[in-house]
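> Have a look at this prediction, sequence included:
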Amino acid sequence: MKKLLTIQVYTIDELDEDTRDYILERFINEHCDYLMPDDWSDPILREANDFYGLDILEYDLYRGYIKAKLVKDPEECIKAIRENSQSKELLDLADLYEKILTKYYYEYGDNDDEDDEDRDDANEEYEAIKYNLQKDLSKYYLKELEKEYYYYFSKEYVYNFLESNETYFTKDGTMIPYSYVVKGEVTCKDE
């Protein structure tokens, strides 16, 4: 005996808020391995390196660890932040290091009459400035990597993912494979 079963299906935005929340939480828990693109961190790593000269060598978000090297001089890095960044935090960092560098140049300047000890002090001071800028930029980018990583497990991302992939659900939140859906209904034949 043949049976034809037709069930009304819905896109995620057509369901009530409680059902949507249920779907999103369940999808995050069951499909978290599929949510994260393999190259999710590449844009952040490229930005840090290409714009600001911060070469991020390794990081571990679970331990809150980042290892990076500032390959640009602090002046170039600050100029690049001013030219490329919209981040208030980075712009505040640029302001701070401009003041520090102004003080440094006021104290040490480009005086050729300096003795070896003064030059050594100036070099040590400059390296300390560069190291601290590297450390502060590294902290900033660790936070950016964390934000990006956790975004892929947010309800907002999963909602957009399900919506853009034409995923359908029953009224109770059961996901229906797209191949079974015909004009907003599921048709199953039983023979």
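Now that the structure is in, tell me what you want to look at. Residues are numbered from 1 along each chain as shown.
> alpha carbons only for contacts and neighbour counts from here, please
Noted.
> most residues in a single helix of the protein, which one?
The longest helix of the chain (DSSP state H) is helix 116-151.
> Could you check it and say which residues are buried?
Under the neighbour-count criterion of 16 or more other Cα atoms under 10 Å, helix 116-151 has 119, 122, 126, 129-130, 133-135, 137-139, 141-142, 145, 149 buried.
> And the helix or strand that comes right after that helix, what does it pack against?
Sequence-wise, the next helix or strand downstream of helix 116-151 (DSSP states H and E) is helix 155-164. Under the contact definition 3 or more Cα pairs under 8 Å, 6 or more residues apart in numbering; DSSP states H and E, helix 155-164 sits against helix 17-35.
> low pLDDT regions in the chain?
The chain contains residues with pLDDT under 70 at 1-5, 110-115, 178-191.
> Looking at the buried residues of helix 116-151, which is nearest residue 107?
Nearest to residue 107 among these is residue 122, at 8.6 Å by Cα to Cα.
> A helix includes residue 104, no?
Yes. Counting by DSSP: H, G, I helix; E, B strand; the rest coil, residue 104 is found in a helix.
> ok, it to residue 8 distance?
Distance, residue 104 to residue 8, by Cα to Cα, to the nearest Å: 71 Å.
> Same check on residue 117?
Note on residue 117: its distance to residue 8, by Cα to Cα, is 82 Å.
> Over to residue 118?
For residue 118 relative to residue 8 (Cα to Cα), the value is 81 Å.
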